[in-house]
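In: Sequence first, predicted coordinates after that:
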Amino acid sequence: MQTGIRSAISLLCLIVVTGLYCHAQPTPVTGETDYPFMIQLPSQEILDNNPPILVFLHGRSLSGTNLNRVTRYGVLYAMAKGQQVPAIVIAPQSKGGWDPDKVMEVVDYTIEKYKADSSRVYVAGMSMGGYGTMDVAGKYPDRVAAAVAICGGGTLSYAQNLTKVPLWIQHGNKDRIVPMSESKKIVNAIKKADPDADVTLTIISGGNHGSVERLFHADDIYDWMFKHVKE
C-alpha cells in the first residue's frame, strides 16, 4: 500500500515538474520582421507571467534561407536534447553577419506579442553569433540584461558601451577557426574602458571551435544570465 502511495506521489511530482518546464516545438515566424526566426515558448505558467527572452545568434555555417538550420546547434538544439530554458527562446537567421537593429526588431516583436519582460532580454551566440552577440549588446547596452558570447570576438568601438552589460565570454584554446585572441582583444578593450566592468573571460582547455557548443547543454550559462535584470 505504501509502495503504491509513493509511486503515485512520484508520478504526480513528475507531472508537475514536467508541466512547469515542458517546451513546445520551435515554430517558424516569417514575414513579420526582417530576419525570419524560430521561436520556442516555455510552459503556459511561465508565459503568463511576463517571461524573459533569450536570443540565440547562430554562426556562419547556419546562414541562408533554410530556417530549420538554426536548430542544428545552440540553444534550440540543446532544448531538443532536454535542456530546460524557462524563457521565450528566439533564434533568427541571417544570410551572413548580424545587424543589431534587425535582431532588436525581432525582440520588440516578441515583447509586444507575448507581453515579455523588457528588463530581462538576454543574448547568446556562437562564432559569428558570438560577434553578433557583442554587437547587439554594444549597440543596445540599455536593453540587454546580460550576454554570453562563445568562440567569437567583438567590435572594439563598442567597448565603452559593453562596460554597461554583464558579459560572459568563453573560448577554447584549441580553436583553429576563430583564435581565442579575438575574445581576449575585446575583453582587454572593455577592461581598458572600465577596469570594474562586469566581464568574465573563460578559456576552455582543449576546446576547439565545435566542441564548445556543449556549453548550451548545461545550466551554467542560463543560470548566470537569468540572475541579471536590467534596471
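Out: Now that the structure is in, tell me what you want to look at.

In: what stretches of the chain score poorly on pLDDT?
Out: Scanning the chain for pLDDT under 70 picks out 1-23.

In: can you give me phi and psi for the residue nearest in space to the middle of it?
Out: For the chain, the residue nearest the mean C-alpha position is residue 124 (3.0 Å; CA atoms, centre = their mean). Dihedral angles of residue 124 (phi, psi; degrees, to the nearest 10) stand at phi -140, psi 140.

In: in the helix or strand residue 169 falls within, what's buried?
Out: Using DSSP states H and E, residue 169 falls within strand 167-172. Under the neighbour-count criterion of 16 or more other CB atoms under 10 Å, strand 167-172 has 167-172 buried. Bear in mind the C-beta positions are built from the backbone N, C-alpha and C, glycine included.

In: Alpha carbons only: can I get it in PDB?
Out: Taking Å, rounded to 0.1, in the frame of the first residue of the first chain, the C-alpha atoms of strand 167-172 are listed here in PDB:
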ATOM      1  CA  LEU A 167      29.200  39.600 -20.100                       C
ATOM      2  CA  TRP A 168      30.500  36.100 -20.000                       C
ATOM      3  CA  ILE A 169      32.900  35.400 -22.900                       C
ATOM      4  CA  GLN A 170      34.100  31.800 -23.500                       C
ATOM      5  CA  HIS A 171      36.700  30.500 -25.900                       C
ATOM      6  CA  GLY A 172      38.500  27.200 -26.500                       C
END
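
In: pretty sure residue 175 contacts residue 210?
Out: No. Using CB atoms under 8 Å as the test, residue 175 is too far from residue 210 to be in contact (9.1 Å).

In: For these two, indicate the residue with more neighbours.
Out: Ranked by neighbour count (other CB atoms under 10 Å), residue 175 and residue 210 place residue 175 first, with 21 against 16.

In: In a helix, that one, correct?
Out: No. Under DSSP: H, G, I helix; E, B strand; the rest coil, residue 175 falls outside any helix and is assigned coil.

In: got the contact list for it?
Out: Counting by CB atoms under 8 Å, 6 or more residues apart in numbering, residue 175 touches 151, 207-209, 212.

In: Out of those, which end up buried?
Out: Using 16+ other CB under 10 Å, the buried members of these are 151, 207, 209, 212.

In: Would you check that residue 204 makes contact with residue 170?
Out: Yes. Taking contacts as CB under 8 Å, residue 204 lies within contact range of residue 170: 6.1 Å.

In: returning to what we had before: tell me the neighbouring strands of the strand holding residue 169, and mark each as parallel or antiparallel.
Out: If you go by DSSP bridges, strand 167-172 pairs up with strand 146-150 (parallel), strand 199-204 (parallel).

In: will you turn the ones you listed into CSV that also has distance to residue 41?
Out: Shown next, in CSV, are the strands paired with strand 167-172 (distance: least, CB to CB, whole Å):
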stretch, distance to residue 41
strand 146-150, 21
strand 199-204, 30
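
In: Comparing the ones you listed, which comes out most buried?
Out: Most buried of these by mean neighbour count (mean count of other CB atoms under 10 Å) is strand 146-150; its value is a mean of 28.

In: contacts for it?
Out: Strand 146-150 has contacts (CB under 8 Å, 6+ apart) with 122-127, 130-131, 133-134, 136-137, 165-171, 183, 212-213, 215, 221, 224-225, 228.
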